[in-house]
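>>> After the sequence you'll find the predicted model.
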Amino acid sequence: MTPFERTFSVRPDLWEEVRSFSLQIWHPPKIDPILLELCRLRLAQLHGCDSECAVRYEPARAAGLSEERIAALADWRRGEAFGAVERACLAFAENFALAVQAIGDEDVAALSTHLSEAEIVALCQALAVFDGFIRFRVLLGVTGEAGVVDPEHSTVLY
């Protein structure tokens, strides 16, 4: 049992629901898993959650996300490691975590030049889960391994 799973021992009725909901972010894919992983890792960086920063989700790795690009994530606005769609998603993710009330129509319009409406909804759903559980981990001091591996999908879950 991981440290994160142990936090749910006081509410075991929720653990399976959390796992199931989290799995739906990745399977079936509703948006490029590299975009999801970059945004998840950026949120972990912003919140100072080193244990979450250490996790790699298999769908993004399988899609080709490299450790070199992940290493460049903290400084994503500079250099050429990230394309326009990644920059738009990362900017949106940062605003989601740090100034959600400041997100306006222009921010959604910037995303819509790269993503479909369904993909934008999927991104927002994923950001809500990522941000919420990263904050949960930081608040409760849950460190160590971030999640468990789902054997059916080889996906690390919260």
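Received, thanks.
>>> Residue 96: what secondary structure?
Applying DSSP: H, G, I helix; E, B strand; the rest coil to residue 96 yields a three-state assignment of helix.
>>> Setting aside sequence neighbours, what's the nearest residue to it?
residue 127 (4.7 Å; Cβ to Cβ, 6 or more residues apart in numbering). Just so you know, the C-beta spots here come from the backbone N, C-alpha and C atoms, and that holds for glycine as well.
>>> Near the one you found, how many other residues are there?
22 (other Cβ atoms under 10 Å).
>>> Quick check: mean pLDDT of whichever strand or helix holds it?
Assigned by DSSP states H and E, residue 127 belongs to helix 117-140. Per-region confidence: helix 117-140 scores 94 on mean pLDDT.
>>> Return it as PDB; C-alpha atoms alone will do.
Provided in PDB are the C-alpha atoms of helix 117-140 (Å, rounded to 0.1, in the frame of the first residue of the first chain):
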ATOM      1  CA  GLU A 117     -14.100  21.400 -27.500                       C
ATOM      2  CA  ALA A 118     -14.100  17.900 -26.200                       C
ATOM      3  CA  GLU A 119     -10.300  18.000 -25.600                       C
ATOM      4  CA  ILE A 120     -10.600  21.300 -23.700                       C
ATOM      5  CA  VAL A 121     -13.200  19.700 -21.400                       C
ATOM      6  CA  ALA A 122     -10.900  16.700 -21.000                       C
ATOM      7  CA  LEU A 123      -8.000  19.000 -20.200                       C
ATOM      8  CA  CYS A 124     -10.100  20.900 -17.600                       C
ATOM      9  CA  GLN A 125     -11.300  17.600 -16.000                       C
ATOM     10  CA  ALA A 126      -7.700  16.400 -15.800                       C
ATOM     11  CA  LEU A 127      -6.400  19.600 -14.400                       C
ATOM     12  CA  ALA A 128      -9.100  19.600 -11.700                       C
ATOM     13  CA  VAL A 129      -8.100  16.100 -10.600                       C
ATOM     14  CA  PHE A 130      -4.300  16.700 -10.900                       C
ATOM     15  CA  ASP A 131      -4.400  20.000  -9.000                       C
ATOM     16  CA  GLY A 132      -6.800  18.700  -6.400                       C
ATOM     17  CA  PHE A 133      -4.900  15.600  -5.500                       C
ATOM     18  CA  ILE A 134      -1.500  17.300  -5.700                       C
ATOM     19  CA  ARG A 135      -2.800  19.900  -3.200                       C
ATOM     20  CA  PHE A 136      -4.200  17.000  -1.100                       C
ATOM     21  CA  ARG A 137      -0.800  15.300  -1.000                       C
ATOM     22  CA  VAL A 138       1.000  18.500  -0.100                       C
ATOM     23  CA  LEU A 139      -1.600  19.500   2.600                       C
ATOM     24  CA  LEU A 140      -1.500  16.100   4.300                       C
END
